[in-house]
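In: Quick one: sequence and predicted model below, then my questions.
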Amino acid sequence: MRTRLALWGAGLLGLLVAVLGGCSASRQWRQAERIDAAPVRVTGVVTAVEHVPKSGDEQVIAYEVQGRRHTVKRSLGTGPGSPGAGHRVCLEADRARPDVVRLCGERYPSGDDMYPTYVLVTVAGAIGGLRRRGRRRRGPPPLPLGDGAVTSPRRAHSRLNGVP
C-alpha cells in the first residue's frame, strides 16, 4: 500500500511540475506575442543594483511609457562589464500593458534562456509523471498454485488447461 501511495505521489508531483512549467512557458509566449503586436521601444535607466544571494546581481531599471513611469528587475549579468547605476538599457514594452517588457533583441520577457528551460521542465515533468504511473501497471500479482508454487496468471491458466 505504501509503495502504491509513493508511486501516486511521485506521479502527481511530476504532473504538477509539468503543469506549472507549461503555464510559465505559455505565459512567456503570450507576453512575447503581445509585445510583437504593438511594441514600444524605450530607453530605461538602471537606478540600482541589488545583490541576490546565490544568483548574482539584479538591476532595477526605470522606464517611461506614455507618460507613466515603470520599474522592472532584470539580471543583466555580474562583473566589471555589467551595467551599473546610471547606465541606459534598451527595452521593448507592450503598448497596451507597459509593465510587460523585454530587453531589445530578445524574444521573451524573462529572457531567451528561460523559455527553453520552461519547456524542458514541462516535458521532464510529464515524462516523470507518466512513467511513475506506468510502473504501477505491471500486471496483476502472482497467483498461488495448489502445490504452493507462485506463478503469473497466464502460466496458471495454461497449467490448469494441461499446457506445460
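Out: Great, that's in hand. Numbering: from 1, shown residues only.

In: correct me, but Cys104 touches Pro39?
Out: No. Assessed by C-beta atoms under 8 Å, Cys104 is found out of contact with Pro39, at 9.6 Å. (C-beta placed from N, C-alpha, C; glycine too.)

In: Find the residues that touch each one of the two.
Out: Glu92 (C-beta atoms under 8 Å, 6 or more residues apart in numbering).

In: Stretch 104-116: which residues count as buried?
Out: 106, 108-111, 115 (16 or more other C-beta atoms under 10 Å).

In: Please read the previous query as pertaining to stretch 65-75.
Out: Those would be 65, 70, 72, 74, for stretch 65-75 by 16+ other C-beta under 10 Å.

In: And that stretch, how far out from the chain middle?
Out: In terms of C-alpha atoms, centre = their mean, to the nearest Å, the centre of stretch 65-75 is set 25 Å apart from its chain centre.

In: cool, stretch 103-113 as well?
Out: So, by C-alpha atoms, centre = their mean, the centroid of stretch 103-113 is 16 Å from its chain's centroid.

In: hmm, who's touching it?
Out: Counting by C-beta under 8 Å, 6+ apart, 28-29, 31-32, 35, 41, 74-76, 89-92, 100-102, 114-115 sit against stretch 103-113.

In: Kindly recompute the last result at 7 Å.
Out: 28, 31-32, 41, 74, 89-92, 100-102, 114-115 (C-beta atoms under 7 Å, 6 or more residues apart in numbering).
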